[in-house]
Structure formats: structure tokens, C-alpha cells
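# Return a 3D structure for these sequence lines:
(one chain, ligands or ions: 2)
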Amino acid sequence: MKILAIETSCDDTGISVLDVKKPASHQGGFGSKDVFTILANNTNSQIMIHTPYGGVFPALAKREHQKNLPIVFKKTLEQAKIKIEKIDLITVTYGPGLEPALWTGIVFARELSEKYNIPIMPVNHMEGHIFSIFPKNKKTFTIDSSKNIFPMLSLLVSGGHTELILIRDWMKYKKIGQTRDDAAGEAFDKVARMMGLPYPGGPVISSLAQKAREEKLRITNYELLIKLPRPMIYTKDYDFSFSGLKTAVLYLIRDLKEKDPNILDKIKIKQSVAKEFEDAVVETLTHKTIKAIKQYKIKTLIVGGGVSANKYLQEIITKDIKKLRKSDFLNVKVHFPVLTLTGDNAIMIGVAGYFQYKKKKTIKNINSIKAKGNLSL
Ligand code: KG4
Ligand code: ZN
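Ligands and ions are numbered 1, 2, ... in the order given. Next up is the predicted model:
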């Protein structure tokens, strides 16, 4: 079965072609081994265009997707050496995300579906991030849905979302916690902006923080000042909050500037603030994730979304999961996506769409597929 996957929820125009052996239509349901081959995959990032705005500008994102979609589509089919007539299923992200951006992908998918009579499966972007852990750095990967990997927990951390999802079986999701205000990635982006660093903030802050850790920075004069809260870390629920942390950084920068107006020009100060901020985010995310693992006796942890690229988050989660083996006799397997699939991409939309297709029929009335900016799992 050949799948054409389309992703345009934010600032990446992603198109990929996947080939799945043992097609769902013949196998019927779950409990089989599906072998995926990535025939082609392209992600056209708009980062350079949005950088001057310090974040994604929806109208610009829409314009860029409209411009890029036909180009990326043509290139991807050529690379996959396949004609559109040979595609069996189109999968397309319909939410959550920026509605003007989502619509571009949906309209593009609908037109192809109509013209070439190909069924469409609309896909939840967050479900895509969950499925993003399966492809590895090879062209081919297998998903064995007969394996008992449940209960599973997914920590989804991106620019728009921060959620803990309990998964008791394939495609069965229960949100047990989420951010009450800003998403973790959004906090990285906003803090970077306050510090005069470019968008997206995650990778820049992370590398500054890494330097601070490597050099074990001690800024004696200011050290006492560079402390940030860990919001909601000890609350009983599984919710998060990053807006207060962001404000705390604002005040911290203000206080530091009172001492020296040019203080942020000092690279070591920047590194220290970045480290303290990253510590605060990682500690809160990890604390609640580990708590949920214990409560729900989780067997598998999946971390997905743009922030899952964060090396320190990966390191601390992996360390704490190891500790659980000794302290609670819980043998939890943890999975992160390969680096190229932590951010938005169409492969994950193809894989999640295929599993949706296993579960239910494709949409008959393609005009009923609409963008849903606030779509939830
Ligand atoms: O999943 P994604 O590519 O797009 C959304 O669906 O939002 O996530 C983008 C977010 C941005 O906020 C970016 O700053 C953050 O992921 N990010 C990181 C890292 N790389 C990307 N955050 C922390 N550390 C990183 N290494
Ligand atoms: Zn995303």
C-alpha cells in the first residue's frame, strides 16, 4: 500500500511517500507486523521567514505552504519514483495547529483525492508525534502491533502543546495532564526572545545551557540571583504551567540589568540563565512524567514533539527511568524519535494515518474534512 502524507500544521511543509507491506485492508485490524519503507520524505522549513517575527506568523505560513506544496509534492513523487495514480491513500494533518496553515494541506489533499480518486485519512498532528518514535535512521522499519507495550505514556512537548497522554491500547488516548498556559516549546521561544536570541529558542537556549554545564559555570557575583521557580512541580495533578516561569525570567533579566545594563552581553551570564531555565523546564516535565509512570504502572514511555530533541531532557528522563528499576522495580522502556523526526514531518502523519486506516474507513465526503485548530487527542 502506497501512502502520500501531507503535513502543514505550522511552519514546515512536509510531504512523504511511504510503502507499507501487508496492507491493512488485507490484514484486518491490529496484531500484525507492518513493514514501512520510506520512499521519499521532504520537509521545507520556513524558519528563516518567521525569524524576524520571533515566532510563526500565520498569514505568512499560509502563503509559504501554498507556494511550496506543489514544488515539494513534485520533488517527493520524483524521488519516490512513483506516479500519483499509484497512491492508495492520502493522509493529511487536520489539527491541531494554525488553521490557515492546516487548510492549505487539506485543500491540496482534497484536490488530489478528487482528481485521482484516492481516499483520504485526516490525521491528528499529536497522534503523529506519538507515532514519530517508530521510524529509525533507516529507510525501512517495522511496527509490530501484536506486542504488549501497554499501558503506555506519552509526553508530548512542542511549540503549541505540553501534554501527558495515557495510552492503554492502540489508538486509545486519555489526556491526564496538560499545560494550563504556555507550552514548553513556546516558553523556550519566548525566553530566547527576551534574551535577544533567535527563533526557534529551544536549540539556542539548549546549547548555551549545555556550555554552562560543561564549564560548570559559577558566576559568584550574580549566582544567587540566577534562580528560577519550578511551577506546579509538586501539585497533585499532572498539569504544567510555564507562563509564570517565563515571567520569572523577565524579572530576573530586569534585576540583572539593574546591576549592569549590558549584562546580557556577557556570554557567561546568558549561559547561566539558559541553564537555570532549562533545568526548571526539564525538572518539571520529568517529575510529573515519573509520577504518572508510577501511578499507572507504565511499561512504555514515548516522548515526542519539537522539545523532545532537547538533549538534557533526554538525559534526565533516561536517568530517572533507570532509577525506577531499582527503586520501584518498574522496567520501563523509553523511546525518543530520531533527531530528524522530533520536529514536524510528514512521515509521522503517514504512519499515524495508516493506523487510523486500520481502525476505520476513510472519509467518504472529502468536503467534510475541515481544519481544527484546537483538535485534541
Ligand atoms: O513539534 P514542533 O516542531 O512544532 C509544533 O508542533 O509546535 O515544535 C517546535 C518547538 C519550538 O518551540 C522549538 O523551540 C522547540 O520545539 N525545540 C526545542 C528544541 N528543538 C526544538 N526545545 C528545546 N530544546 C530543543 N533542542
Ligand atoms: Zn508538532
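
# what about the helices in the stretch 1-150 of the chain?
Taking DSSP state H, counting those that start in this stretch as the test, the helices found in the stretch 1-150 of the chain are 24-27, 47-50, 58-80, 99-116, 125-131.

# Contact residues of the stretch 1-150 of the chain facing ligand 1?
Cys10 (C-beta under 6 Å from any ligand atom). Yep, even glycine has a C-beta here, placed from its N, CA and C like the rest.

# Distance-wise, check the residue in the stretch 1-150 of the chain positioned nearest to ligand 1 relative to Glu99.
Ranked by C-beta to the nearest ligand atom, the top residue of the stretch 1-150 of the chain for proximity to ligand 1 is Cys10, at 5.0 Å. Distance, Cys10 to Glu99, using C-beta to C-beta, to the nearest Å: 11 Å.

# now the end-to-end length of stretch 260-273.
End-to-end distance for stretch 260-273, by C-alpha to C-alpha, to the nearest Å: 15 Å.

# change the start of the numbering to 55 and stick with it
I'll keep to 55 as the first residue from here, and by that count the last item is stretch 314-327.

# And that stretch, what's buried?
Buried positions in stretch 314-327, judged by neighbour count with 16 or more other C-beta atoms under 10 Å: Ile317, Leu318, Ile323, Lys324, Gln325, Ser326, Val327.

# Now do the contacts for Gly407.
Ile57, Ala59, Leu143, Thr145, Val146, Met175, Val177 (C-beta atoms under 8 Å, 6 or more residues apart in numbering).

# Pull out the buried positions in the helix or strand hosting it.
Per DSSP states H and E, Gly407 falls inside helix 401-413. Buried residues in helix 401-413, defined by neighbour count with 16+ other C-beta under 10 Å: Ile401, Met402, Ile403, Gly404, Val405, Ala406, Gly407, Tyr408, Phe409, Gln410, Tyr411, Lys412.

# Correct me if wrong: the third one contacts Asp66.
No. In terms of C-beta atoms under 8 Å, Ile403 does not count as a neighbour of Asp66; the distance is 11.0 Å.

# Can you pull out the low-pLDDT segments for the stretch 155-304 of the chain?
By pLDDT under 70, the low-scoring segments of the stretch 155-304 of the chain are 271-278.

# ok, which stretches of it are strands?
174-178, 194-198, 206-211, 216-223, 226-232 (DSSP state E, counting those that start in this stretch).

# Ser295: which of those is closest?
Checking the strands of the stretch 155-304 of the chain against Ser295 by C-beta to C-beta gives strand 216-223 as the closest, at 9.3 Å.

# With just CA atoms, put the closest one into PDB.
Coordinates of each C-alpha in strand 216-223 appear next as PDB, following Å, rounded to 0.1, in the frame of the first residue of the first chain:
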ATOM      1  CA  THR A 216       2.600  20.100  26.600                       C
ATOM      2  CA  GLU A 217       0.600  17.000  27.400                       C
ATOM      3  CA  LEU A 218       0.700  13.700  29.200                       C
ATOM      4  CA  ILE A 219      -1.300  11.100  27.400                       C
ATOM      5  CA  LEU A 220      -2.200   7.700  28.800                       C
ATOM      6  CA  ILE A 221      -2.500   5.000  26.100                       C
ATOM      7  CA  ARG A 222      -4.000   1.700  27.200                       C
ATOM      8  CA  ASP A 223      -4.300   0.200  23.700                       C
END
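
# orientation of it relative to strand 206-211 in degrees?
Put simply, strand 216-223 runs at 160 degrees to strand 206-211, going by axes from the mean of the first three to the mean of the last three C-alpha atoms, to 10 degrees.

# gap between Trp224 and ligand 1?
The gap separating Trp224 from ligand 1 is 22 Å, by C-beta to the nearest ligand atom, to the nearest Å.

# Quick check: closest non-adjacent residue to that residue.
Of all residues not flanking Trp224 in the chain, Phe84 sits nearest, at 5.2 Å (C-beta to C-beta, 6 or more residues apart in numbering).

# quick one: contacts for the one you found?
Ser199, Ser200, Trp224, Lys412.

# residues near Ile420, how many?
19 (other C-beta atoms under 10 Å).

# follow-up on the earlier one: mind putting the buried residues of helix 401-413 into a markdown table with pLDDT?
A markdown table is the format used below for the buried residues of helix 401-413 (pLDDT from 0 to 100):
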| residue | pLDDT |
| --- | --- |
| Ile401 | 98 |
| Met402 | 98 |
| Ile403 | 98 |
| Gly404 | 98 |
| Val405 | 98 |
| Ala406 | 98 |
| Gly407 | 97 |
| Tyr408 | 96 |
| Phe409 | 95 |
| Gln410 | 95 |
| Tyr411 | 94 |
| Lys412 | 90 |
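
# helix, strand or coil for Leu339?
helix (DSSP: H, G, I helix; E, B strand; the rest coil).

# what pLDDT does it get?
For Leu339, the pLDDT comes out at 98.

# Could you measure from the residue of the stretch 305-431 of the chain at minimum distance from ligand 2 over to Lys365?
In the stretch 305-431 of the chain, the residue that lies nearest ligand 2 is Asp398 (4.5 Å; C-beta to the ion). Noted for Asp398: a distance of 19 Å to Lys365, by C-beta to C-beta.
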